[in-house]
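J.: Take this sequence and fold it.
(one chain, ligands or ions: 2)
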Amino acid sequence: MRTEEARPVRLADYRPPDWQVDTVDLDIALDPTATRVRAKLNLRPSADGGPPAPLTLDGEGLVLRSIALDGTALSPEQYVATADRLTIAQPPQGPFALEIETVLDPSANTELSGLYRSGTIYCTQCEAEGFRRITYFLDRPDVMAVYTTRIEATKAQAPVLLANGNLIAAGDIAGTDCHFAVWHDPFPKPSYLFAMVGGNLACVEGRFRTMSGRDVTLRIYVEPGKESRCGHAMASLKRAMRWDETEFGREYDLDIFMIVAVSDFNMGAMENKGLNIFNDKYVLASAETATDADFDRIEAIVAHEYFHNWTGNRITCRDWFQLCLKEGLTVFRDQEFTADLRSRAVERISDVRALRAHQFDEDAGPLAHPVRPAQYHEINNFYTTTVYEKGAEVVRMLKTLLGAQKFRAGMDLYFTRHDGRAATVEEFVQCFADVSSADLAQFMLWYSQAGTPEVVATGSHDAARKSYRLDLVQTVPASPDQPSKEPMVIPLAIGLVGADGRDLPLKLSEGATPDRAVLTLSKPAQSFVFADIAAPPVLSLNRGFSAPIKLVVNQSADELRFLATRDGDAFNRWQAFQTLATQLLVENAKALRTGGTARTESRLTDALRAVLADGTLEPAFVALMLTVPGEADIAREIGRDVDPAAVFAARAGLRARVGGDLGAELLERYGSLAQTGPYAVDAASVGRRSLRNTCLDLLVATGHRDSICLAARQYHAADNMTDRMAALSALSLCDVPERGEALEDFYGRYRGDPLIIDKWFSLQAVIPEPGTLDRIKALTRHGAFSFANPNRVRALIHAFALGNHKEFNRPDGAGYDFVADTVLALDGKNPQLAARLLSAFKSWRVLEPARRQRAHASLMHVAIAYSLSPDVSDIARRALSEN
Ligand code: PHE
Ligand code: ZN
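T.: Residues are numbered from 1 along each chain as shown. Ligands and ions are numbered 1, 2, ... in the order given. You can find the predicted model right below:
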């Protein structure tokens, strides 16, 4: 029965635990439907003296077999055990050992949280609250214990048995067909980092010598037969280990580091101590099966999980409100890693594009929340782009404000001061205050205030005084539960560009001139006056996207075109183009919505022609310059009464126009970038392919026969997945016979390979045509599809809801109905996956009235459904809330 809404968990209510667990000894006997778990916990009261507090352990769906305290079985009146809780009202005064035996059914675990089976493999997922589904425990991150894990299973079923730490014993169990393994992890850790794996797995091995000369064994475990696809993940891991040593002085600490790839996984990967468990999509890659983008993502995720060993594991979070402490910081670290390995400008532009496409929309809608939320109903719903990506931006701003040296000193202090502990955001920021003597109190608002700040910048030149004045005004929009905001500290990297394209020396008329060309805006309105500026400069502000804000500058199209071709800051060159194109696209989308026609702008394509001709630019950067702003970028700029069909039409029109106007140049560049040697994934080769395929994409956008044939030829001739997919994806946007033929061919080639068939599902999900919804419904009944596998569901359904704005937002509301019904169907089996799908409605309030009403009806349909999971009901309630 659905009664009153459950009370939220609040940061303000945090209390340290009454009990600590020093050691956990697990003894797990794997069985497909009745796995037995014995846990021996050595408990001790957190505080000395006083009467002992009751002991309340978390559980979820557990069946208790027996319970003993210091070796003596407890009598029934000494404890209360339900599926969800184990309470001992009057525990002994001092330390004691509690032995608990429970049974669970891994095969029935469709939530993929706790101990479950992926195919025939036993694996675990304990973040955030999965450990309580394995045994009764103080399942909170500020309870850190040393774990020893014994696993037994039949040798036939699970020849490989793994857990966190180092292997200390293994062998056969005499007289049976079973064997066992004992793993010991000497580093105290919270329960969410526990992991164990059992199954028939093949392994690829590598070695790494740490900076202090210790040898570490590296192992990647995969389904037998997939060993040849582990090379890139292994190489990425070694690069990540070395980078963390050189850039942060962080060394790996166990004798062995393992990665296990499984095919059923709710997220990307998980940083369990010494035993990372990965969605196999982010491990397996070869030239024939993975695109350059897949290779990049694998490298970034392998690095991300590895970096967690220090930022997340050695130093963990005091409570789940502090999630950004490990996630924002670790995303920042993986972004820096990629920037160092590849091109910094290209990485920054890609990261900002993703931030805007997802986080800015989340921040502007009903699901907005601070980087550190103050309350939650369901923690699983807070693994968001705000916590991760905006969380990374906040760390980046700290570095920008303090400078690289002090930032590193602050990180060093954080590592020494908090190693082995569960920390808070305040403690993290305090380390930077301590090394720099900066006052970071106002900076903390980045963690507590939701919403994307907007800064309006107005520049004016005074020829008589030879000065340039910059007026800045900031506002932070209201967000759920936060009607009014305080002004933020906003670091703005700045350049004043002279007519020759060079930066002018910056000298403030009053106050100290900033040493790193970064202005700090901290008041609602502030002005800066620069001296010795003889001629009007062109303002280049928020260079490198130094702050995650919406910036509005009163700049003419001429100035933007100047920056697009001359700015010394690569990010702002790209930004200037984006701004120009977005202005045009917004105007055109509005015109199309009211039955008008789209305007064309030859000066825009002329400027792009110049970029394309500039041989000094790196190809990957040119590819980004040529990429027309996304539909979400245009919709965000329109802000209200958005008509996604008009937005789509405006964008498609501009793409066709660019493809047509630059046809000859694009074709020429396409030809000259043709691959000469064998396929390679170094940054330069990747960049060339990306520009070449961008040229192809724009040519195909014209719909001209020649270009269609060119794409079809590339599709068939390709010797690698990148070129094959790029051709197919360009083709799939056109309603031409070549599309059907190529899709059929693709399925035939790769039918045995689920990860590749996912690409086939996704391509069809984003076809911008009215027939797509029926196509998707039919595909859900395809033999290769399964609602039980998160990768399949994401490839087809999430790709549609998040990647096909036009058809998800069909005027008849059928897209919303389909997604809502799918959410309800998924919810009983996998609530986390269902809730994530429902959050595709995050921007429904900005739609034009007819669609808004239909989206609202679909959301209501979900919200009033009987027996919803906490995950889905939380998203539905927040999406519908009025403030
Ligand atoms: N902690 C994981 C990461 O970001 C993500 C994750 C969260 C995985 C919850 C599973 C469950 O690296
Ligand atoms: Zn992470």
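J.: I'd like to know how many residues surround the closest residue to A108 other than its chain neighbours.
T.: Excluding its sequence neighbours, the residue lying closest to A108 (Cβ to Cβ, 6 or more residues apart in numbering) is T33, at 7.2 Å. Any C-beta I mention is one placed from the backbone N, CA and C, and that applies to glycine too. Neighbours of T33 under the rule other Cβ atoms under 10 Å: 11.
J.: So T33 lies in a helix, does it not?
T.: No - T33: not assigned to a helix; according to DSSP: H, G, I helix; E, B strand; the rest coil it is coil.
J.: Contacts only, for I549.
T.: I549 makes contacts with 452-455, 474, 490, 542, as judged by Cβ atoms under 8 Å, 6 or more residues apart in numbering.
J.: again, only this time at 7 Å
T.: Neighbour list for I549: 452-455, 490, 542 [criterion: Cβ atoms under 7 Å, 6 or more residues apart in numbering].
J.: between the residues you listed, which is nearest A610?
T.: For the contacts of I549, the residue nearest A610 by Cβ to Cβ is N542; the value is 23.7 Å.
J.: so who does the residue in the stretch 651-800 of the chain that ligand 2 sits nearest to touch?
T.: Ligand 2 sits closest to P790 of the stretch 651-800 of the chain, with a gap of 17.2 Å, by Cβ to the ion. Contact partners of P790, counting by Cβ under 7 Å, 6+ apart, are 264-266, 830, 833.
J.: so the residue nearest to A108 touches S107, yeah?
T.: Yes - T33 is within contact range of S107, at 5.3 Å (criterion: Cβ atoms under 7 Å).
J.: which among the contacts of P790 gets closest to D294?
T.: Among the contacts of P790, F265 lies closest to D294 (Cβ to Cβ), at 15.9 Å.
J.: For that closest one, report the pLDDT, please.
T.: Each residue has a pLDDT score; the one for F265 is 98.
J.: count of residues packed around it?
T.: Per other Cβ under 10 Å, the neighbour tally for F265 reads 23.
J.: Make 870 the first number, not 1, from now on.
T.: I'll keep to 870 as the first residue from here, and by that count the last item is F1134.
J.: And it, how close does it get to V1516?
T.: F1134 is 34 Å from V1516, where distance means Cβ to Cβ, to the nearest Å.
J.: All the helices of the stretch 1270-1419 of the chain, in order from the start?
T.: Assigned by DSSP state H, counting those that start in this stretch, the stretch 1270-1419 of the chain shows helices spanning 1273-1287, 1294-1305, 1314-1317.
J.: In a markdown table, list these along with mean pLDDT and distance to ligand 1.
T.: A markdown table is the format used below for these (pLDDT from 0 to 100; distance: least, Cβ to the nearest ligand atom, whole Å):
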| stretch | mean pLDDT | distance to ligand 1 |
| --- | --- | --- |
| helix 1273-1287 | 98 | 19 |
| helix 1294-1305 | 98 | 17 |
| helix 1314-1317 | 98 | 18 |
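J.: which one of these lies closest to ligand 2?
T.: Of all these, helix 1294-1305 comes closest under Cβ to the ion, at 15.5 Å.
J.: Taking helix 1273-1287 as reference, get the angle to that closest one.
T.: For helix 1294-1305 against helix 1273-1287, the angle by axes from the mean of the first three to the mean of the last three Cα atoms, to 10 degrees is 130 degrees.
J.: what's helix 1294-1305 packed up against?
T.: Secondary-structure packing of helix 1294-1305 (3 or more Cβ pairs under 7 Å, 6 or more residues apart in numbering; DSSP states H and E): helix 1192-1210, helix 1260-1271, helix 1273-1287.
J.: buried residues in the first one?
T.: This means helix 1192-1210. Buried residues in helix 1192-1210, counted by 16 or more other Cβ atoms under 10 Å: 1192-1208, 1210.
J.: Out of these, which are close to ligand 1?
T.: With Cβ under 6 Å from any ligand atom as the criterion, the subset of these in contact with ligand 1 comprises E1196.
J.: show me what contacts the nearest residue to D1011 once chain neighbours are set aside?
T.: The spatial neighbour of D1011 that comes closest, neighbours along the chain excluded (Cβ to Cβ, 6+ apart), is A1291 at 4.3 Å. Counting by Cβ under 7 Å, 6+ apart, A1291 makes contact with 1010-1011, 1013, 1059, 1185-1187.
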